[in-house]
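K.L.:
here is the input, now give the coordinates:
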Amino acid sequence: MATVLSVSGSPSASSRTGRLLRHLDQRLAAQGHEVIPLDVRTVPAEALLGADFRHPAVVEATELFARADGVVVGTPVYKASYSGVLKALLDLLPQYALAGKTVLPLATGGSTAHVLAIDYALRPVLNSMGAAHIVQGWFTLDKDITVREDGSVTVAPATAEALDQVVDQFATALHRIPLLAAAG
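P.N.:
Numbering: from 1, shown residues only. Below you'll find the predicted structure:
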């Protein structure tokens, strides 16, 4: 099966975005994929803000992207765009860090007014980084994600069904990219 890098672009350790990603990671792992979580907030701020390409954490993140067959990118939406911490990391990666990869963009936010942030803010950046295939993304309202006392997540039924479909489409697309590369 494929190796999937699951990137949380939330600056908060207790964010719904990160918890939702880890919840979806379980679905991908149950399908037999190796899932590697990466919380961008764990990359030192001085490396991100100082554009330190040689910092060990940046080098490690770059290696994780290179190793992955597919990448799930999750971000909270702030001011109609993806998070600044995610932008800082993406700026430090090689220009074509997503070349040959299948990518699933996900976003969370407090209002449906932010739903277009995936297509108008995040997707163009992912495309410019050479992604072979960017599957349909999904925006989840914060109110549809409930964090339980044990840290686990419950997703509203209609949202859970839609997320399952999006994750399954991503998993299916992961299998197509190697076939396309072999044919080309």
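K.L.:
pretty sure Asp25 contacts Leu5?
P.N.:
No: with contact defined as CB atoms under 8 Å, Asp25 does not reach Leu5; the gap is 10.3 Å. For the C-beta atoms, the positions are set from N, CA and C on the backbone; glycine is no exception.
K.L.:
Arg123: neighbouring residues, count only.
P.N.:
18 (other CB atoms under 10 Å).
K.L.:
which strand or helix spans it?
P.N.:
Following DSSP states H and E, one finds Arg123 within helix 123-128.
K.L.:
ok, what's across the strand from the most centrally placed residue in the chain?
P.N.:
Centroid-nearest residue in the chain, with CA atoms, centre = their mean: Val73, separated by 1.1 Å. Applying DSSP bridges to Val73 yields these beta-bridge partners: Val7, Pro105.
K.L.:
what do you get for Leu141?
P.N.:
Under the criterion used here (DSSP bridges), Leu141 is bridged to Gly109.
K.L.:
tell me the phi and psi of the closest residue to Asn127 other than its chain neighbours?
P.N.:
Closest residue in space to Asn127, ignoring its immediate chain neighbours: Ile134 at 6.4 Å, by CB to CB, 6 or more residues apart in numbering. The phi/psi pair for Ile134 (degrees, to the nearest 10) reads phi -110, psi 110.
K.L.:
is it true that Ile36 lies in a helix?
P.N.:
No: read with DSSP: H, G, I helix; E, B strand; the rest coil, Ile36 is strand and lies in no helix.
K.L.:
and it, how close does it get to Gly74?
P.N.:
Going from Ile36 to Gly74 by CB to CB, to the nearest Å gives 14 Å.
K.L.:
which one's more surrounded, those two?
P.N.:
Gly74 (31 against 15).
K.L.:
contact partners for that one?
P.N.:
Ser6, Val7, Ser8, Gly9, Ser10, Thr17, Gly18, Leu20, Leu21, Leu106, Ala107, Thr108 (CB atoms under 8 Å, 6 or more residues apart in numbering).
K.L.:
check Val167 too.
P.N.:
Leu24, Arg27, Leu28, Leu104.
K.L.:
what's the helix or strand for it?
P.N.:
Judged by DSSP H and E, Val167 forms part of helix 157-183.
K.L.:
next, the buried residues of that helix.
P.N.:
Within helix 157-183, the residues that qualify as buried are Thr159, Ala160, Ala162, Leu163, Val166, Val167, Phe170, Ala171, Ala173, Leu174, Ile177, counting by 16 or more other CB atoms under 10 Å.
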